[in-house]
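Asks: Structural data only, the sequence is not supplied:
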């Protein structure tokens, strides 16, 4: 009986400490020391939020670098419903989807094998990056669409490459949203 | 596989090796109630908590009372979590006005978080209010982990003590595990995660105007929340329940390779440390390291297999470049993030299932058959490879008792473990613990896989991969892991209920025989080692322990595995699809 009373009281006391005080203290400190990061590193243009540096967006216009395919939400890149495809390696749906994407991409850059990340969905469906290989694959198309030289586009890609942390952690990626925003700033697309 | 990939795996392991001794020694001091440098701040808080809850910190408990207190606390806090979900819409911290949660899902989630499983049949960002996340789910992340640590300490005391009836005081062990171990690490850990970009706020979700609108879709909703505070305890407490559906692959939960390393480190650190605590508190430091070595060996077998399989990629895909190079990590990238690539995805999957964590930074369902076999097999070995906080240690100690018993049979002497004779009652309790686990998994999985209406209809993949989804679901539930072959739509009456029951069985039915064994060991006299004593500190012992774990696991689960991932691997080589 005494243990039951203690169990109830202990639940109340620890809920206040761990469920309320702890997250509020962390929020307080985080909002003071890292306000930008604690709020999602939003990108604002003319007073309007146009994305987050950490969250990928879909791009389909040929003048933009494309992101990876996404299984988040019905239209992809829904940052209110993150998700992977969860298709297994022998699932016909996966094989057919990749095949269709490969054919589409090969039409624009014939003869080159497609870097694998460009035709596979990410785990979150919100991957902000593509591999440097996937960016290089798209350079000729983007340069042509924007009337820029390939060297110029490559230079921008290079500038938005995020290398391995401390030189060895993780993999190198190109932030697609930031790269495309830089392209727009350099050479806006004719609408 | 790349040199850089192996380097990252090696660095991770070196960090764990380095932290084992200091952390283990610290925990031994905490639970022996010796002075630590945190005492000036924490002792007053601790005393206040005992005053408020009526705990007499000097009183010790026998194993039965220890188990009762643990059960009462788990039941009360589970009921609170259930009720919180049922009424969340009327409570504060709910800017998205999310609705109350229906009963079977609320039961499943309450069972899931109370048992340290964190299986999630719901999509968090459209289901759980900020209040439910922090005061319900993250709260259980703390206390279910603290309960696990307390139980491991009670087991260690059972081994270390002689002719004593008691194992310690549950309330004291649980409180000290929270205040001295989990809370300080999480405070620091959460802020480190924010520094990498993990969000921590109470804002309503943001809406961004897409740079390149896609037909009808012109906006992107960006979910927010108090993520970092929950992320920290999710990893340190080997809980694994994501703030978002995509768990640690979501850029707001795990934005950079450094945050990824911190999260992986947090999964293993306490469990590795506890092997040192075991050595320290039993006065057999070499035994602690022998157990550590067995865990490390099994870890390396798993990561090598998973990394190799994922780096090879999927042979059915054509027209794509899957070879690792300076400009891409290559391999099987379906369900993986570019910033983590193959090495860090395979490593995270191995660690999260070695331990009973269950957080994921890649989708295990989309792994190659052998790559996906590793996390599944890790869970089926009952997560004793470092394991969940506390649960991993008391799990492997059951195997240790079994290994000592088998060694005793081989040489024809009464088996001893650190001076304690292992007798019939002890072996019975160990076997009971070992049998409940496969029985729960295989019975539920068998029923589901022959029931088209409610079992196989919920699968996302056909063929052998579908069986793997079911096997994984019940292994994850019973093993209190919480990761998934997530294609399975488990938010149904059948799966919510059965997986909920599996989680409760896998936690509490296994704890009771474990505590009974500990209580019985503590009552025994110690006998001095003789020539016939099988030493538990040698490489021979480590080898025997690893063999026992693998043989028990293989004998139990090999038939099921051969119909799932193994046959799928062979069919994939033949380019067969489903």
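Replies: Received the coordinates, thanks. Keep in mind the model is a prediction, meaning the values are calculated, not measured. Residues are numbered from 1 along each chain as shown, chains lettered A, B, ... in the order given.
Asks: drop to CA atoms for contacts and neighbour counts, all remaining ones
Replies: OK.
Asks: Is residue A:51 in a helix, a strand, or coil?
Replies: strand (DSSP: H, G, I helix; E, B strand; the rest coil).
Asks: Surely it touches residue B:218?
Replies: No - taking contacts as C-alpha atoms under 8 Å, residue A:51 lies outside contact range of residue B:218: 11.7 Å.
Asks: Neighbour count for these two, which is higher?
Replies: Using other C-alpha atoms under 10 Å in any protein chain shown as the criterion, residue A:51 and residue B:218 rank with residue A:51 on top: 27 against 12.
Asks: just to revisit the earlier point, and for residue A:51 and residue B:218, which residues touch both?
Replies: B:209-210 (C-alpha atoms under 8 Å, 6 or more residues apart in numbering or on different chains).
Asks: quick one, longest strand in chain B?
Replies: strand B:206-214 (DSSP state E).
Asks: Report the buried residues of the helix or strand just after that strand.
Replies: On the C-terminal side of strand B:206-214, the nearest following helix or strand under DSSP states H and E is strand B:217-222. Using 16 or more other C-alpha atoms under 10 Å in any protein chain shown as the test for burial, strand B:217-222 gives B:219-222.
Asks: can you count the residues close to residue 149?
Replies: Picked chain A for this. Using other C-alpha under 10 Å: residue A:149 sits among 13 other residues.
Asks: Wait, chain B was what I had in mind.
Replies: Residue B:149 has 30 nearby residues by other C-alpha under 10 Å.
Asks: where's it, which helix or strand?
Replies: helix B:139-160.
Asks: Is that helix positioned near chain A?
Replies: Yes - against chain A, helix B:139-160 shows contacts by C-alpha under 8 Å from any C-alpha of the partner chain at B:139, B:142.
Asks: how about the strands in chain B?
Replies: B:61-62, B:166-168, B:206-214, B:217-222, B:320-321, B:416-417, B:420-421.
Asks: Highest mean neighbour count out of those strands?
Replies: Greatest average neighbour count among these goes to strand B:166-168 (a mean of 25), per mean count of other C-alpha atoms under 10 Å in any protein chain shown.
Asks: what residues does that strand touch?
Replies: Counting by C-alpha under 8 Å, 6+ apart, B:59-63, B:66, B:154-155, B:157-158, B:518-519, B:522 sit against strand B:166-168.
Asks: just stretch B:74-82 next, same as before
Replies: A:7-8, A:11, B:106-107, B:109-111, B:114, B:136-137, B:140, B:144.
Asks: Run a quick neighbour tally on the closest residue to chain A within the stretch 1-150 of chain B.
Replies: Nearest residue of the stretch 1-150 of chain B to chain A (C-alpha to the nearest C-alpha) works out as residue B:135 at 3.8 Å. If you count neighbours by other C-alpha under 10 Å, residue B:135 ends up with 24.
Asks: Just give the nearest non-adjacent residue to residue B:420, would you?
Replies: residue B:526 (5.3 Å; C-alpha to C-alpha, 6 or more residues apart in numbering or on different chains).
Asks: mind listing what the one you found touches?
Replies: Contacts of residue B:526 (C-alpha under 8 Å, 6+ apart): B:162, B:419-421.
Asks: Repeat that for residue A:135.
Replies: Neighbours of residue A:135 in contact, by C-alpha under 8 Å, 6+ apart: A:65, A:157, A:174.
Asks: rewinding a little: looking at the strands of chain B, spot the one closest to residue A:100.
Replies: Residue A:100 lies closest, by C-alpha to C-alpha, to one member of the strands of chain B: strand B:320-321, at 11.8 Å.
Asks: so what secondary structure elements neighbour that closest one?
Replies: Packed against strand B:320-321, as judged by 3 or more C-alpha pairs under 8 Å, 6 or more residues apart in numbering or on different chains; DSSP states H and E, are the following elements: strand A:114-115.
Asks: Looks to me like residue A:44 is in a helix.
Replies: No - per three-state DSSP, residue A:44 lies outside any helix segment and is strand.
Asks: quick one: it and residue A:51 touch, right?
Replies: Yes - Residue A:44 is in contact with residue A:51 according to C-alpha under 8 Å; the separation is 7.4 Å.
Asks: Now residue 154: closest residue in space that isn't a chain neighbour?
Replies: Defaulting to chain A. residue A:139 (6.8 Å).
Asks: switch to chain B, that's the one I care about
Replies: residue B:167 (5.3 Å).
Asks: With residue B:334 instead?
Replies: Here the residue nearest residue B:334, using C-alpha to C-alpha, 6+ apart, is residue A:120, at 4.8 Å.
Asks: In contact with the one you found, which residues?
Replies: A:68-69, A:98, B:333-335.
Asks: And residue B:381, by the same measure?
Replies: Counted by C-alpha under 8 Å, 6+ apart, residue B:381 has contacts B:549-550, B:552-553.
Asks: Touching, residue A:37 and residue B:195? I think so.
Replies: Yes - Residue A:37 lies in contact with residue B:195 (C-alpha under 8 Å); the separation is 6.8 Å.
Asks: got the residues of the stretch 51-200 of chain B near chain A?
Replies: So the stretch 51-200 of chain B meets chain A at B:52-55, B:69, B:72-73, B:76-77, B:123, B:125-126, B:134-136, B:138-139, B:142, B:187, B:190-191, B:194-200 (C-alpha under 8 Å from any C-alpha).
Asks: From those residues, list just the buried residues.
Replies: Buried among those (16+ other C-alpha under 10 Å): B:53-55, B:69, B:72-73, B:76-77, B:123, B:125-126, B:134-136, B:138-139, B:142, B:187, B:190-191, B:194-200.
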